[in-house]
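Trainee: would you be able to build a 3D model of this:
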Amino acid sequence: MPLRGRVPPLRPGRPAGRSRPCLRQDEEPAGDGRHVNRSPRGDLRSAGKPVFACQNRVPPRRTMGEQMEVPGLRGRVAVITAAGQNIGRAVALAFARAGAHIVITGGSDLAKIEAVADEARSLGVEAMASICDGTDETAMNALIERAIAELGGVDIAVSCVGIRPHQPIAEITLQDWQKVMKTNLGSAFILTQAVLPHMRRRKYGRLLYMAGTDALFPLANRAHVVAAKHGMHGLAKAVALECGPDGVTANSIAPGWLDTDRNAAWYPDLAATYEHVRATVPLRTLGTAEDVANACLYLASDMGKFVTGHLLHVNGGEFMV
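Mentor: Numbers count the residues shown, from 1 in each chain. Now for the predicted structure:
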């Protein structure tokens, strides 16, 4: 198991230090491994593939697994933290399907994130999987430097690290408070500082933070989580304001009720909880991690290039602003 603060080596058969081919926005892979120019950079319409196909037309055949076309994402490099399961995993695979190379991290289970990386590679993109504590500045900086050296840059960063303990405010100790702040808000700050210099030099970057509904609508028994989530969206707005002139956007996402495997640990009577959610959420259903991933694709793609400093709600109408 890799030591904290160190970035593990590449998988066997992939020598460190050798640059890997990274597709530009205007390139698609040919069968012999060459890059074929298909259209002007960022202009998918001129590639001869309509953005919206008529219902009576047969859609173009995909040549790379389950990939899909999302304007401005093919050939980009996206870093996603805490990508071993749930939202982080869904986000990583969504970017891979859109043709983006991915760099994913996990806290301790290398096999889990390597499985996600393998699934991404099966879609025809490059994928790096590393054990990296999101609160370890040295480890995160090393990971980003490695990604830049081997994949040619970092265009997108998605902060998914987070914990959500349920505790009455009277029972929250200072240690509890500091742990939540360091994990949720501190990890977002460390990732931001690691990627920003590179993004600003290149005049391009997309930063996304999983702020959650707690960023605007506080719930009882999680004061430390609410404070941290408010801070995450505040960080997004500050970065959006300061780094907008350098071509960097920063946005937050607020997932609502999602059907994930973590719910059983948080809600002892899960069936009753789900029944209550379905009765109160306007769409009468729970969301999925893939719903959140689709929101990330929008904000990171050319479709969301004029959106910054925004908190996007993905909650079925549970909270409306």
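Trainee: residues contacting Ala78?
Mentor: Ala78 sits next to Ala92, Phe95, Ala100, His101, Ile102, Val103, Val154, Asp155, Ile156, Ala157, Val158, Ala300 when contact means Cβ atoms under 8 Å, 6 or more residues apart in numbering. Any C-beta I mention is one placed from the backbone N, CA and C, and that applies to glycine too.
Trainee: state whether it is indeed within a strand.
Mentor: Yes: assessed with DSSP: H, G, I helix; E, B strand; the rest coil, Ala78 lies in a strand.
Trainee: which non-adjacent residue is nearest it?
Mentor: Nearest residue to Ala78, sequence neighbours excluded (Cβ to Cβ, 6 or more residues apart in numbering): Ile156, at 3.9 Å.
Trainee: partners of that neighbour in the sheet?
Mentor: Assessed by DSSP bridges, Ile156 has beta-bridge partners Ala78, Arg206.
Trainee: how many neighbours does it have?
Mentor: 27 (other Cβ atoms under 10 Å).
Trainee: you'd agree Glu114 is up against Ile131?
Mentor: No: with contact defined as Cβ atoms under 8 Å, Glu114 does not reach Ile131; the gap is 9.9 Å.
Trainee: name the residue in the two with the higher neighbour count.
Mentor: A side-by-side neighbour count of Glu114 and Ile131, using other Cβ under 10 Å, places Ile131 first with 21 against 18.
Trainee: could you identify the longest helix within this protein?
Mentor: helix 223-243 (DSSP state H).
Trainee: for the record, mean pLDDT for that helix?
Mentor: Mean pLDDT, helix 223-243: 97.
Trainee: I figured the residue nearest to Ala78 hits Arg206, correct?
Mentor: Yes: if you go by Cβ under 8 Å, Ile156 and Arg206 touch, sitting 4.4 Å apart.
Trainee: which residues do those two both contact?
Mentor: Looking at what touches both Ile156 and Arg206 (by Cβ under 8 Å, 6+ apart), the common residues are Ala300.
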